[in-house]
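Engineer: Next one to model:
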Amino acid sequence: MFVNVYDLNPVNRFLSRLGVGLYHSGVEIDGSEYSFASKGKGIFKIAPRKAKGVRFREQIEIGTLERGREERELQNALDTLHDDFQPDNYDLVTRNCNHFCNELVIQLVGKPLPSHVNRMSYIWTTGNIVWLVPESLRRKAPVGDKNLKAYGGIIPFLESIFDVSAVVIGEWLNIGNSLSDIVTTSKGLSCLLEDCV
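Structural biologist: Numbering: from 1, shown residues only. Model prediction:
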């Protein structure tokens, strides 16, 4: 069993060195990848490492299931999580795909996702700054939402989250505005480096 992690924004290339970033994730089991989204989807299944609109970053081996019982264990875990991970329960900050994947791997192998996968959500919630993200945007998943085509504002929105997050993380690490400067510079550089990296 694996967790597939995707970049939601090219600036992750720079922020990942600090152990933060905006990520999408899915749990890969027996040739399928399971994740969670908003309207029209909820818990969904796709081909591994094929999430649309994001860039595959890494695959993390998370554990193994007992041979011959994978399908039953997976179905039991999905049934257990079904009520908590309905499409209308999606929240970009407090109940996103990474929260779902964390709960799924805990159900299946008894251990959580690596903390860096959803650290940005942790920072936003413990820093009590969730209110900075408009409710209308928090209810729409950047991956898997059937209404995604109507949601053209995801990239500017994610960039604004990084701008605010850079300030919060900078204060958290006691490095002030220097992280904010790195993020602003990296946004411009990310387009140039896209073909070079």
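Engineer: which residue ranges form the strands in the protein?
Structural biologist: Applying DSSP state E to the chain gives strands spanning 2-7, 23-29, 32-36, 43-46, 55-61.
Engineer: Go through the ones you listed and pick out the most buried.
Structural biologist: Most buried of those, by mean neighbour count (mean count of other Cβ atoms under 10 Å): strand 23-29, with a mean of 26. C-beta here means a position set from N, CA and C on the backbone, and glycine is covered the same way.
Engineer: ok so, going back, for the strands of the chain, which one sits closest to residue 81?
Structural biologist: strand 43-46 (6.9 Å; Cβ to Cβ).
Engineer: circling back to that earlier point, now tabulate the strands of the chain in CSV and tack on distance to residue 92 and mean pLDDT.
Structural biologist: Converted to CSV, the strands of the chain look like this (distance: least, Cβ to Cβ, whole Å; pLDDT from 0 to 100):
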stretch, distance to residue 92, mean pLDDT
strand 2-7, 15, 96
strand 23-29, 11, 96
strand 32-36, 11, 97
strand 43-46, 16, 95
strand 55-61, 18, 95
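Engineer: Show the end-to-end separation of stretch 54-68, please.
Structural biologist: With Cα to Cα, to the nearest Å as the measure, stretch 54-68 spans 33 Å from end to end.
Engineer: Ok, stretch 57-68 next?
Structural biologist: End-to-end distance of stretch 57-68 (Cα to Cα): 30 Å.
Engineer: what do you get for stretch 1-17?
Structural biologist: End-to-end distance (Cα to Cα), stretch 1-17: 25 Å.
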